[in-house]
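> Got a sequence here, can you build the structure:
(one chain, ligands or ions: 1)
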Amino acid sequence: MIFKNYIFDWSGTLVDDMGPTLEATNAVFQCYGKPTMNREEFRTHFRLPYSEFYAEYVPNVALCELEQHFREAFAASIVPVTILPHAHEKLVWCQSQGIRCFILTSMDSATFEAQLDDLDLRHFFEATYSGVIDKRQLIGSILTTHNLNPQETAYFGDMVHDIETAKHGAVCSVALLTGYTKMPELLEAKPDWLVADYAEFFQIIASQENKISV
Ligand SMILES: [Mg+2]
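Numbers count the residues shown, from 1 in each chain. Coordinates of the predicted model:
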């Protein structure tokens, strides 16, 4: 087995929540008289840590105030959050192989916990970490707490901050094109792997393991 442990981002990595996230972001902008963004503009400009994104587009407003507006608008959205293609079957596969799975996400904890249960995904994960604004500051302690060898661990994410977080923890960075950030920006961050989706990732894993066993 190439990797024994997988850490996943949540939004854009395991679930598609861009619809309600864009609605909620625009609701925040409208609260402060700022212009809204369309989907492409959002994908181009949104970045983590989101504190830096809001400092640029809605400066001089306390983050907790912005978060409150965001949470209310997100909860009010009727656009559903769905599991991304291939994600569920791959989590089932990980479970069958004894691969330990974790989540590290910036999403606020109450929203994340509700989605985890609504989508019936909780049982796949040994531990989850949500509401983490700067993931780089936590990756090290997650590895230590759960005794994960960085060389046997991959972090999956859809944004530049996810790649930076993986590098910070010295784990393999796997960038997915299923989420918020487009390919050129992800490539610039030099992930170890860049794949369209989980199907492609696991195809590569299977072919490498076949080579090893030959
Ligand atoms: Mg994400």
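
> Okay, domains of this structure per the record?
Here the domain parsing of the chain from automatic domain parsing is 5-16+81-213, 18-76.

> To the ion, which of those lies closest?
Ranking the domains of the chain by proximity to the ion (CB to the ion) places domain 5-16+81-213 first, at 3.8 Å. No exception for glycine: its C-beta is placed from N, CA and C like everyone else's.

> is the ion contacted by that closest one?
Yes. Residues of domain 5-16+81-213 contacting the ion under CB under 5 Å from the ion: Asp9, Ser11, Gly12, Asp158.

> By neighbours, which of the residues you listed wins?
Asp9 (27 neighbours; other CB atoms under 10 Å).

> So which bits of stretch 147-167 are buried?
If you call a residue buried by 16 or more other CB atoms under 10 Å, then stretch 147-167 has these buried ones: 148, 150, 153-167.

> For this protein, which residues score under the pLDDT cut-off?
1, 212-214 (pLDDT under 70).

> circling back to that earlier point, most packed of the domains of the chain?
Mean neighbours per residue, mean count of other CB atoms under 10 Å, is largest over the domains of the chain for domain 5-16+81-213, with a mean of 18.

> Against Leu194, how distant is Phe156?
11 Å (CB to CB, to the nearest Å).

> Quick check: neighbours shared by these two?
Applying CB atoms under 8 Å, 6 or more residues apart in numbering, one finds that Phe156 and Leu194 are jointly contacted by Val174.

> I'd say Thr105 and Tyr129 touch.
Yes. At 7.2 Å, Thr105 counts as touching Tyr129 under the criterion of CB atoms under 8 Å.

> What helices and strands are in contact with the longest helix belonging to the chain?
Counting residues, the longest helix found in the chain (DSSP state H) is helix 198-213. Applying 3 or more CB pairs under 8 Å, 6 or more residues apart in numbering; DSSP states H and E, one finds that helix 198-213 contacts helix 87-97, strand 172-176, strand 193-195.

> neighbouring contacts of the first one?
This points to helix 87-97. Defining contact as CB under 8 Å, 6+ apart, one finds that helix 87-97 is touched by Met1, Tyr6, Leu14, Val15, Cys101, Leu121, Phe124, Tyr198, Phe201, Phe202.

> Quick check: which element contains Ile103?
strand 100-104 (DSSP states H and E).

> thinking again about what came up before, rebuild the helices and strands packed on helix 198-213 as JSON lines, extending it with distance to Asn26.
Output for the helices and strands packed on helix 198-213, formatted as JSON lines (distance: least, CB to CB, whole Å):
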{"stretch": "helix 87-97", "distance to Asn26": "26"}
{"stretch": "strand 172-176", "distance to Asn26": "25"}
{"stretch": "strand 193-195", "distance to Asn26": "29"}
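
> out of those, which comes closest to Ala62?
strand 172-176 (32.0 Å; CB to CB).

> could you check the angle helix 87-97 makes with the closest one?
Strand 172-176 runs at 150 degrees relative to helix 87-97, counting by axes from the mean of the first three to the mean of the last three CA atoms, to 10 degrees.
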